[in-house]
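Colleague: Build me a model from this:
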Amino acid sequence: MKIGAALSFVTLLLLVCLTGTSCGTKGEKVTESGINDSVLMTEDNFSVRYEDEQKETLVEGVTEGVTEEATEEEGATQGGTENETIPMDDVESKNENNNCSNSGTLPVYTIHGDIFVKGGRIYYSNHYDGDVLYSCDLEGNDIHALTDVAVSWFDATKNQIFFTSEEEYANLYVMDLDGSNLQLLGKVSTSSVFLTVDKIYFGNFDDNGTLYCMNLDGSDLKKLSEDIPASISVCGDVISFAGKSGGTFGIYRMNTDGTGLEKLSSDYTEQILAAGDWIYYNRYSGESDGMFCALRIDGCESKSLCDSVAQSINVVGELVYYYNSADRIVYTIDVSNEEQKVYSSFLTDCFVIADNVLYYSDGRAINCKDVDGYFNFINIDLGYVDGYGNVGNSCDNKLDTGDIQRGELIEPIYEITESLHEDMPEYHFVAKGLTYSSYEWYFGYVISLEVFDENGERILFEDYANRQEDQTFPGTPIDAYMIDTMGLHVVDINFDGYQDVIILKCLSGAHDNSWYDCWLWNPETSTFVESEAFEMIANPALDAEKKCIYSTGGSGAGCATWNIYQYINGEFICTNTLEYEYDMDLAGLHFIETRLENGERIVIRDNVYAGTYADALNESGYRDDDLWQLGNAWWYGSGGHHADQWLED
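Modeller: Numbers count the residues shown, from 1 in each chain. You can find the predicted model right below:
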């Protein structure tokens, strides 16, 4: 599986001096930049494709009017100065890491995702294997699991990967690129960590999330300020961060030694990316679900780039690549004139640009696309790992989509043979679907569900092809990466000791929220009865021990809702709710908890918590309390095969 022309690199250190335009001041030098949630990273940072493949040839004119020279004899210092000379063969670039690399001769800055490319390998966290960290070569071969725990955040610098684990909240680990030499460094606020070539900047979990820095090996721990960052981006000798300073939320900057604090904006955001002269972020307010904005690094100018939330932000020169959270389509915006264009119609969950190649995940597989528009399908399969232990292969009785060609019509059939009760014979459940290659349509369709008894008599038939009122679709549309099973499960939904049947009703949206059609087995009438109440439960997770169903998802930016359902008197009833939203007036996260008592909903708690979302969970106790346990993975909030474990016995 080829991904295009062979990648050829000359690794060198660069210093880029950018000139401001509208403000009349000189921009910051491009050195460190980027910010991570589940981090996107790129090819060895500031490594440059060089067609002649001669290491001793200089790359000149990276930006207009700037010439960078490098020799083996002359060294470089962190941060650098104009016109300094840098050793050509020093593989540890000034911008090694920090989400800054090169595409051609321009630096690339990236933000937010689950994939990075480094040293000829792709690194990614696999949602279908419990967010375990993997790596493979650029053709999708030589796949290795690097961790055996769920990774919530990861980043890399030099020859090491840094990550935090969902299972051990706030613990920061470091290991070699092959997964060896694992070490625990300390505790951090996972939403606010940033790596440079020799430092880690972070919110200190053990000191109320305040701003600290330390060396990459954990030594020389220093407190920089009492400020509480929600997101950090370091560029040269300047720290930009979104968070609270003096109790007031905004976007700030300071020197890397903690001095010179300046407030740049009062906008509320959860992530920022400093790239060249600009800071990019999504602005949230009570008036909209989010707006993508750019702010001059010195705060003298701001502009709204589009009226939607931007994800997987990649900045190449003046061109910003991102996908729209509403439709998951990739767009570009020229920051100089705010011209927006559709870049590609493929759906994506995250992507990163490395050496003129855009690597992206559609939730089912990782593939790539040349920046100039040519597709190269490397097909790193993600969808068959969770719960089955296979990497890149389908399990028994599941559709093997590995060899499907683009545009090919396929009609998958998924079958289960299961007894509804230990005293009953086995029934046969058959789901039928229709799709084209996910690369072409990115949609699959559930066509029908049939159930046959032990005598082969059909006792349940749902014809989804005729269920569509306008006949626009051939069946119920779902994301194509779930077409292998169509979400068919035979499981005890109402906890009465008898198995029931569910199948995907809807799987779509910015966060792939999932809803299921449900038929409950009635042992008195020996028939299946449709449950409309269950069909309204988003992203359900069954807890047979407590006989309840957990549900979250479907919320907008800056807010979330968690619900607990029980089966009472023949109906699924929401007995407990917990929700939060950011309160601009109170400058905090407003949590409201309710409980159903004697048919009435009673408010149990109504509090506002300052700081980050993680701070609010810790202060409120909702992360680990007996009822909510918000740190538990059953609050998955996004559909896909990783949810299978919560829908099976």
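Colleague: residue contacts, residue 520?
Modeller: Taking CB atoms under 8 Å, 6 or more residues apart in numbering as the contact definition, residue 520 lies against 493, 494, 500, 528, 529, 530, 531, 534. Every C-beta, even on glycine, is put in place using the N, C-alpha and C of the backbone.
Colleague: Kindly export stretch 514-525 (C-alpha atoms) in CSV.
Modeller: What follows is stretch 514-525, C-alpha atoms only, in CSV (Å, rounded to 0.1, in the frame of the first residue of the first chain):
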residue,chain,number,x,y,z
SER,A,514,-25.8,6.6,19.0
TRP,A,515,-29.4,5.6,19.6
TYR,A,516,-30.8,2.1,19.3
ASP,A,517,-34.1,0.6,18.3
CYS,A,518,-35.1,-1.9,21.0
TRP,A,519,-37.5,-4.8,21.3
LEU,A,520,-38.1,-6.3,24.7
TRP,A,521,-39.0,-10.0,25.1
ASN,A,522,-42.4,-10.5,26.8
PRO,A,523,-42.3,-14.0,28.4
GLU,A,524,-46.1,-13.9,29.0
THR,A,525,-47.0,-13.4,25.3
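Colleague: mind listing what's buried in that stretch?
Modeller: 514, 515, 516, 517, 518, 519, 520, 521 (16 or more other CB atoms under 10 Å).
Colleague: right, and the fifth one touches residue 536 too?
Modeller: No: applying CB atoms under 8 Å, one finds residue 518 not in contact with residue 536, separated by 10.1 Å.
Colleague: So which of the contacts of residue 520 is the closest to residue 110?
Modeller: residue 534 (40.2 Å; CB to CB).
Colleague: Quick check: the gap between the nearest residue in space to the closest one that is not next to it in sequence and residue 569.
Modeller: Spatial nearest neighbour of residue 534, chain neighbours left out: residue 518 (3.9 Å); criterion: CB to CB, 6 or more residues apart in numbering. The gap separating residue 518 from residue 569 is 17 Å, by CB to CB, to the nearest Å.
Colleague: Show the contacting residues for residue 223.
Modeller: Residues near residue 223 by CB under 8 Å, 6+ apart: 204, 207, 210, 211, 212, 258.
Colleague: one step back: in ChimeraX, select just the buried ones from the contacts of residue 520.
Modeller: Listed next is the ChimeraX selection for buried residues among the contacts of residue 520, using 16+ other CB under 10 Å:
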select :493,494,500,528,531,534
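Colleague: Out of the contacts of residue 520, name the ones that lie in helices.
Modeller: Among those, no member falls in helices (criterion: DSSP state H).
Colleague: Turn the contacts of residue 520 into CSV, including pLDDT and distance to residue 332.
Modeller: Putting the contacts of residue 520 into CSV (pLDDT from 0 to 100; distance: CB to CB, whole Å) gives the following:
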residue, pLDDT, distance to residue 332
493, 96, 45
494, 96, 49
500, 97, 47
528, 97, 50
529, 96, 51
530, 95, 46
531, 95, 45
534, 95, 42
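Colleague: between the contacts of residue 520, which is nearest residue 642?
Modeller: Relative to residue 642, the closest of these is residue 493; by CB to CB it sits at 19.4 Å.
Colleague: Next, that closest one: phi, psi?
Modeller: Dihedral angles phi and psi of residue 493 (degrees, to the nearest 10) take the values phi -80, psi -40.
Colleague: Would you check that it makes contact with residue 502?
Modeller: Yes: counting by CB under 8 Å, residue 502 is a contact partner of residue 493 at 6.6 Å.
Colleague: what touches both of those two?
Modeller: Common neighbours of residue 493 and residue 502 (CB under 8 Å, 6+ apart) are 518, 534.
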